[in-house]
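> what's the 3D shape of this:
(one chain, ligands or ions: 1)
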Amino acid sequence: MSEILVLVEHVDGEVKKVTLELLTLARSLGSPSAVWAGPGYTPEAKARLAEYGAEKIYVADAEEITGYVVAPKAELLAKLVGEAAPGAVLIAATPEGKEVAGRLAIKTDSGVITDAVGVGEGFVAEQSIFGGGVNVKSRVTKGTPIIAVRPNSTAPEPAPAAGAEVQVTVELSDAARGAKIVERVKQEKGARPELTEAAIVVAGGRGVGSAENFALIERLADSLGAAVGASRAATDAQWYPHQFQIGQTGKTVSPQLYIAVGISGAIQHRAGMQTAKTIMAINKDPEAPIFELADFGVVGDLFKVVPQLVDEIEKR
Ligand code: FAD
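A predicted model of the protein is given here:
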């Protein structure tokens with residue numbers, strides 16, 4: 001079984017859910033090795049990675065690795081690709097992950113596939129392209145397959161493994177030191193899950209009508225422990241911050257459940273949400289295109305439907 005390298009995403013020493021998904025996926029492809037880049041590695045992190053099947057954990061915990069923008073992670077992975085000759089490298093298709101994947105592909109003279117929603121036998125990756133209108137299966141034909149996989153594409157399942165530690169030191173090149181991080185500013189996270197990782201997303205569109213009315217969307221989201229998203233119409237109107245925009249020019253989400261409230265379902269919006277496992281739409285127009293995509297649809301006024309829905313959920 002070939003070794004599959006999985007770049008760990010971590011925040012404040014905690015392993016992010018997407019890494020557990022990638023380890024689960026890696027188990028179906030070979031034997032997973034986690035790659036920890038930067039400080040913050042703890043026995044708890046080790047236990048978590050081993051719990052989800054990491055046979056080996058490469059630990060490069062020098063401050064330097066995360067002290068510069070992205071490039072050191074690509075250098076670390078390139079070194080490991082050279083030494084371990086893995087069957088493939090899996091990286092989360094987050095903005096940073098995709099940049100690491102691209103840089104790694106150049107360094108190792110390999111092919112790269114980004115935004116995969118699945119990877120099967122022979123490292124054949126599945127992508128949803130052209131705004132989601134077409135599904136493509138592709139395979140890297142040169143070098144080591146480097147595949148960036150969208151969060152929420154695989155359900156994480158534990159399967160304990162050895163988690164043997166291997167310390168790694170990397171001599172960073174001058175190029176990797178090209179852009180230094182001078183300050184990290186923590187964004188107000190609040191109690192809601194991160195949009196691209198959330199299992200449930202509730203998104204509001206132009207039908208919501210105002211910034212104040214987004215409180216209704218937030219109430220529904222909070223009753224379900226969901227993240228809040230918005231269509232571009234809503235973010236352009238400044239009813240909700242741009243960082244929560246979903247779609248072609250916003251974020252891509254693949255939650256278990258996506259609830260579109262007052263969103264028509266334009267192709268550019270679909271591009272960011274149509275790989276959701278279950279889609280529910282609330283819209284007063286029975287002809288709204290979102291209903292073509294939805295598994296469940298409620299034709300009605302959101303100002304009547306959403307409060308009733310929240311009341312019902314809160315009773316349970
Ligand atoms: P509308 O299309 O106006 O739909 C509002 C819906 O709300 C309607 O279906 C209406 O029936 C319903 N409604 C109204 N009142 C109520 C009510 N009281 N109860 C229930 N339903 C109600 N859009 C994105 O979302 N994300 C992107 O990333 C994005 N990128 C784009 C990139 C480009 C290059 C372009 C050209 C466009 C992009 N767009 C994007 C815009 C996209 O084309 C649509 O204009 C946008 O998605 C529409 O948002 P909406 O569905 O909220 O609004």
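
> show me which residues of the stretch 201-316 of the chain sit near the ligand.
205-207, 231-234, 245-250, 262-264, 266, 268-269, 272, 282-285, 288, 301-303 (Cβ under 6 Å from any ligand atom). Every C-beta, even on glycine, is put in place using the N, C-alpha and C of the backbone.

> PyMOL command to pick out the buried ones of the residues you listed?
Those of those that count as buried under 16 or more other Cβ atoms under 10 Å are selected in PyMOL with:
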select buried, resi 205+206+207+231+232+233+234+245+246+247+248+250+262+263+264+266+269+272+282+283+288+302
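
> so of the residues of the stretch 201-316 of the chain next to the ligand, which ones are in strands?
Cross-referencing these against strands under DSSP state E gives Ile282, Asn283.

> give me every residue that touches the closest residue to Ile200 other than its chain neighbours.
Setting aside the residues directly before and after it, Ile200 is nearest to Ala226 in space (Cβ to Cβ, 6 or more residues apart in numbering), at 3.7 Å. Residues in contact with Ala226, defined by Cβ atoms under 8 Å, 6 or more residues apart in numbering, are Arg192, Pro193, Ala198, Ala199, Ile200, Val201, Val202, Leu220, Pro255, Leu257, Ile259.

> same question, Gly87
Gly87 neighbours (Cβ under 8 Å, 6+ apart): Ser2, Glu3, Ile4, Leu29, Gly30, Phe123, Thr144, Pro145.

> show me where pLDDT drops low in the protein?
Low-confidence segments of the chain (pLDDT under 70): 131-132, 187-189.

> the strands in the stretch 51-200 of the chain, which residues?
Along the stretch 51-200 of the chain, counting by DSSP state E, counting those that start in this stretch, strands occupy 56-60, 88-92, 112-120, 124-129, 134-138, 146-149, 164-167, 200-204.

> what's the first one in contact with?
Judged by Cβ under 8 Å, 6+ apart, the contacts made with strand 56-60 from elsewhere in the structure are 3, 5, 33-38, 41, 46, 49-50, 76, 80, 162-170.

> ok, now how distant is Lys56 from Ala198?
Distance from Lys56 to Ala198, counting by Cβ to Cβ, to the nearest Å: 30 Å.

> do Ser31 as well
30 Å.

> list the contacts of the closest residue to Pro151 other than its chain neighbours.
Leaving aside its chain neighbours, Pro151 sits nearest to Val18 (4.3 Å; criterion: Cβ to Cβ, 6+ apart). By Cβ under 8 Å, 6+ apart, the contact set of Val18 is Glu9, Ala92, Thr94, Pro151, Asn152, Glu197.

> wait, the last one sits on Glu21?
Same thing as Glu197. No. Glu197 lies out of contact with Glu21 (Cβ atoms under 8 Å); the separation is 9.2 Å.

> ok, the two, which is more surrounded?
When Glu197 and Glu21 are compared for neighbours, Glu21 comes out ahead with 24 against 19, by other Cβ atoms under 10 Å.

> restricted to helices, list the contacts of strand 56-60.
Lys46, Leu49, Ala50, Leu76, Leu80 (DSSP state H).

> dump the residues you listed into TSV; add neighbour count and distance to the ligand as well.
Below are those laid out as TSV (neighbours: other Cβ atoms under 10 Å; distance: Cβ to the nearest ligand atom, whole Å):
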residue	neighbour count	distance to the ligand
Lys46	19	39
Leu49	29	34
Ala50	22	39
Leu76	26	33
Leu80	24	35
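
> distance of the residue nearest the centre of the chain from Thr252?
What sits nearest the mean C-alpha location of the chain, by Cα atoms, centre = their mean, is Pro151, with 2.8 Å. Going from Pro151 to Thr252 by Cβ to Cβ gives 9 Å.
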